[in-house]
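Enquirer: generate coordinates for the sequence data below:
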Amino acid sequence: MFATLNMQAFTMNESDKNNDDMRDEHVQPVLVPITAPVHKTRGGFREKLRAFFVSKFKKNTAISTRRKWCVGVLWAVGLPAYFTLSGILAWFVWVAQDMPDTSALWAPKSTPLIVIQDRHGREILRTGGAEAKPVILAELPPSLIQAIIAIEDHRFYHHPGFDVIGLMRAMQANIKAGRVVQGGSTLTQQLAKNVFLTRRQTMKRKSQEILLAVWLEHRLTKTEILETYLSRVYFGGGTIGIESGAQRFFNKPARDLNVGESALLAGILQAPDRLNPVKNTVASGRRTAQVLLEMQLRNYLTPEQTQIAMRDPIEVEPTSVQKIAHARYFTDWILTRIDQEIGVPRQDIIVHTSLDLLIQQAAQAAVTRGVNTKRNAQQASLVSFDGTGGVRAMVGGASYIHSSYNRVLRARRQPGSAFKPFVYLAAIQAGIAPWDTRVDAPVNIDGWQPGNFSNKYLGELSLETSLALSINTIAVGLAEEVGRASVVKTAGVMGLGGFKAYASLALGAQEVTLYDLVAAYIPFANWGYGVTPYGLEAIYGADGTTIYTRPLAPKPLLLNSKELGQMNLMLRTVIERGTGKAARISGRDVAGKTGTTNDYRDAWFVGYTADMVTGVWVGNDDNSKMARITGGYIPARIWRDYMDAALENTPYTKLPTAIRPEVKPVRVSSPTEMQTRKTLEELLLEVEKSFQ
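Expert: Predicted coordinates:
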């Protein structure tokens, strides 16, 4: 009705439009009530219209808000993703610009020839150069393939060449370590690395490895990848391919390997030198067990089969080779160093070393003659350095044929009194002189009461005399006087790191290798300069191209002339009138120190001239006792036997030595005798009897 009224009023106004002159002033008020509803009516329509659009606007606003949110999310996520993907794409484009030549994959397969020479160019070892036998997967035992896949790449049949999960795990480990410590490589990536790439672990090389792995997956089937991988896999020491590995360690073809042997070979691949079953039986055994358990986890073996494989002994029968002779311990080490520096050799190489073959032969002969099985001294080792740190001779055991375990590099034993020079050096650096005296008397450090080897206490002695007689109480007292931390620091500067400041530090109660101990003596012989020991000089290709040269590191001066002279004075006295008299060489200026551990389990002698530093260890692999073998007995005699031959054509050179003040009589205190006065010579001769 309101609308009708509105329309009627609107009609009346239209009909009276031409009668405006006839309207009086009273007509307008009549129209007001009608006009007002019309306005109201029109306003209601507008309100409805407005309400309609408002409702639509609100809906559109909600939709617009959602759209804005979605767009915001897309920008927040999509933009970084876009730049990330663009960056990755740009990275791989850059990486792909200098990809290696892939023709090596199709080249004839052969093990590279490795020729190792001594410092004069004499050939020590020739290995490799044989044509590698092709691998046919169907002819290999399934357990061999299963062992390798289980321990190296259990998702091999499911990934496109790289394993994202493995890469993420490796990335996490690398970020945590702050450097590249894991590769996360699949078998396909390992193949790419072995055939095409260098050993350097960089992000660029890793990216190239992934690209090459994807390329291999597109070019080859999984079976072909496995066959190629097994033809190229590296077992260390120049041994390439599963067939060569089976022959090297088991003297049989790969098709005849049993489950345990397959697991052992698969385990070697992680670290061919460290997990070599001939050199490191314990580590290899643990790794083999790990492989067997992984095979069980992947359902390749039942628990019963795993237990049987673990119980059955694995007999390693390394193939006899012509390279055994005189320097096999050394060449084993050099082959490992080649692996560390250049990885798998991809061409014939000539290797120059620091060894002197003639001196090496003298060293082997001296060790062989010196071992005394009658007194239960079953093993011995020797290493000899020149003043630059180059290894001139290395004998890792009494017989390589019976044991290839290199005791020079791997056996960690207590050096005993052979560590004392570093205690006395710390004292010298603290301002104490060789002719200063200390009292040899019982010592008690928190309940620990070290005694002397001779079970005697000699009273007041000079440092020179106490070192010559290897007096324990004075060495311990000096370490307490200057501070054990100072001794640890001094030893570290000289090259013996990792020692702890225990009370027994001064007596050499912490383990060390013969290699490290002897290298720490080098500054005493070369006028005080620190060196980095080495054996590998250079590697050349067959065409003469240089592949590797030893970096020439700076030689810091570790000892000033005063410290050097005073140390050499004391260590010469050890040889002239002390526990090392058996090492004296006529016409040579010799210095050194003996060492013997509790119950005669280890005996050492480290000595030097101005031209060469040599150390000898004698003992047993099972740490059993010897029959009163001291460092001044068999080790000193082996040392003298070798050095006499090694220095035969070397001119005499005098060691830098301090001038000793006039020797005064010293007072000797004995718990059971009256105090008497004796000369230094008389005292040394008296106590020397304790070391016979």
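
Enquirer: which strand or helix spans Gly592?
Expert: strand 591-596 (DSSP states H and E).

Enquirer: count of residues packed around Thr302?
Expert: 11 (other CB atoms under 10 Å). Heads up, the C-betas are built off the backbone N, CA and C, glycines and all.

Enquirer: in its sheet, what does the strand holding Gly592 sit against?
Expert: Sheet pairing for strand 591-596, assigned by DSSP bridges, gives strand 602-608 (antiparallel).

Enquirer: C-alpha coordinates for the partner strand, PDB please?
Expert: What follows is strand 602-608 as a C-alpha-only set of coordinates in PDB (Å, rounded to 0.1, in the frame of the first residue of the first chain):
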ATOM      1  CA  ASP A 602     108.700 -53.100  25.800                       C
ATOM      2  CA  ALA A 603     112.300 -52.200  25.200                       C
ATOM      3  CA  TRP A 604     113.300 -49.100  23.200                       C
ATOM      4  CA  PHE A 605     116.300 -47.300  22.000                       C
ATOM      5  CA  VAL A 606     116.200 -44.000  20.100                       C
ATOM      6  CA  GLY A 607     119.600 -42.600  19.000                       C
ATOM      7  CA  TYR A 608     121.000 -40.200  16.500                       C
END
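
Enquirer: returning to what we had before: can you list contacts of the strand holding Gly592?
Expert: Taking contacts as CB atoms under 8 Å, 6 or more residues apart in numbering, the residues outside strand 591-596 that touch it are 415-421, 453, 467, 470, 508, 521, 524-525, 568, 571-572, 574-575, 579-580, 583, 602-609, 629-632, 635-636, 639, 655, 691.

Enquirer: mind running it again at 7 Å?
Expert: 415-418, 420-421, 453, 470, 508, 524, 568, 571-572, 574-575, 579-580, 583, 603-608, 630-632, 636, 655 (CB atoms under 7 Å, 6 or more residues apart in numbering).

Enquirer: just the ones in helices from the residues you listed, please.
Expert: The members of the contacts of strand 591-596 that map onto helices under DSSP state H are 420-421, 524, 568, 571-572, 574-575, 636.

Enquirer: now, the most widely separated pair of these?
Expert: Farthest apart among the ones in helices among the contacts of strand 591-596 by CB to CB are Asn568 and Ala636. That separation is 18.0 Å.

Enquirer: so the two - more neighbours on which side?
Expert: The neighbour count for Asn568 versus Ala636, taken as other CB under 10 Å, is higher for Ala636 (27 against 22).

Enquirer: against Leu226, how distant is the more buried one?
Expert: Counting by CB to CB, to the nearest Å, the separation of Ala636 from Leu226 is 56 Å.

Enquirer: report the rounded mean pLDDT for stretch 249-259.
Expert: The average pLDDT within stretch 249-259 is 93.

Enquirer: can you report how many residues lie near His218?
Expert: With other CB under 10 Å as criterion, His218 counts 9.

Enquirer: Arg392 now?
Expert: 24.

Enquirer: got it, and Phe385?
Expert: By the other CB under 10 Å criterion, the neighbourhood of Phe385 contains 28 residues.

Enquirer: related to what we said a few turns ago, buried subset of the contacts of strand 591-596?
Expert: Among the contacts of strand 591-596, those scoring as buried are 415-418, 420-421, 453, 470, 508, 524, 568, 571-572, 574-575, 579-580, 583, 603-608, 630-632, 636, 655 (criterion: 16 or more other CB atoms under 10 Å).

Enquirer: give me the neighbour count for Lys456.
Expert: A count of neighbours around Lys456, defined by other CB under 10 Å, yields 18.

Enquirer: do the one 10 residues further on as well
Expert: Using other CB under 10 Å, Ser466 is surrounded by 28 other residues.

Enquirer: correct me if wrong: it contacts Thr473.
Expert: No - at 8.5 Å, Ser466 and Thr473 do not qualify as touching, with contact defined as CB atoms under 7 Å.

Enquirer: so what sits against both of those two?
Expert: In contact with both Ser466 and Thr473: Asp440, using CB under 7 Å, 6+ apart.

Enquirer: ok, now how distant is Thr437 from Ile471?
Expert: With CB to CB as the criterion, Thr437 and Ile471 are 12 Å apart.

Enquirer: looking at these two, which one has more neighbours?
Expert: Counted by other CB under 10 Å, Thr437 and Ile471 do not tie: Ile471 has more neighbours, with 25 against 18.

Enquirer: and the residue lying closest to that one once chain neighbours are set aside, what does it touch?
Expert: The shortest distance from Ile471 to any non-neighbouring residue, by CB to CB, 6 or more residues apart in numbering, is to Asp440 (5.2 Å). Residues counted as contacts of Asp440 (CB under 7 Å, 6+ apart) are 457-459, 461, 466, 471, 473-474.

Enquirer: scan those residues and report the most crowded one.
Expert: Neighbour max across the contacts of Asp440 (other CB under 10 Å) = Ile474, 30 neighbours.

Enquirer: so that one, which of the three states?
Expert: Three-state assignment for Ile474 (DSSP: H, G, I helix; E, B strand; the rest coil): helix.

Enquirer: what residue ranges in the protein score low on pLDDT?
Expert: 1-71, 73-75, 78-79, 82-83, 87-110, 130-132, 179-183, 198-204, 319-326, 662-692 (pLDDT under 70).

Enquirer: domain-wise, how is it divided?
Expert: As assigned by automatic domain parsing, the chain contains the domains 2-93, 140-319.

Enquirer: ranges for the strands of the stretch 101-250 of the chain?
Expert: 114-117, 123-127 (DSSP state E, counting those that start in this stretch).

Enquirer: let's have those strands in a markdown table, adding distance to Ile359.
Expert: As requested, the strands of the stretch 101-250 of the chain are exported to a markdown table (distance: least, CB to CB, whole Å):
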| stretch | distance to Ile359 |
| --- | --- |
| strand 114-117 | 15 |
| strand 123-127 | 12 |
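
Enquirer: and the ones you listed: which comes nearest Ala398?
Expert: Among the strands of the stretch 101-250 of the chain, strand 123-127 comes nearest to Ala398, with 20.0 Å by CB to CB.

Enquirer: ok, which stretches of the stretch 251-400 of the chain are strands?
Expert: Using DSSP E, counting those that start in this stretch, the strands of the stretch 251-400 of the chain run over 349-353, 379-386, 391-395.

Enquirer: just to revisit the earlier point, next one: the strand holding Gly592 to chain centre, how far?
Expert: Centroid separation for strand 591-596 versus its chain: 30 Å, with CA atoms, centre = their mean, to the nearest Å.

Enquirer: likewise for stretch 141-161?
Expert: Using CA atoms, centre = their mean, the offset of stretch 141-161 from its chain centre is 27 Å.

Enquirer: got the end-to-end distance for it?
Expert: Using CA to CA, to the nearest Å, one end of stretch 141-161 lies 24 Å from the other.

Enquirer: contacts for it?
Expert: Counting by CB under 7 Å, 6+ apart, 137, 163, 186-188, 213-214, 216-217, 222, 226, 254-255, 257, 259, 262-263, 266-267, 269, 291, 294-295, 298, 300 sit against stretch 141-161.

Enquirer: just the ones of the contacts of Asp440 in strands?
Expert: Of the contacts of Asp440, the ones assigned to strands by DSSP state E are 459, 461.

Enquirer: would you turn the contacts of Asp440 into TSV with distance to Thr84?
Expert: Listed next are the contacts of Asp440 as TSV, based on distance: CB to CB, whole Å:
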residue	distance to Thr84
Tyr457	76
Leu458	76
Gly459	78
Leu461	74
Ser466	69
Ile471	69
Thr473	69
Ile474	68
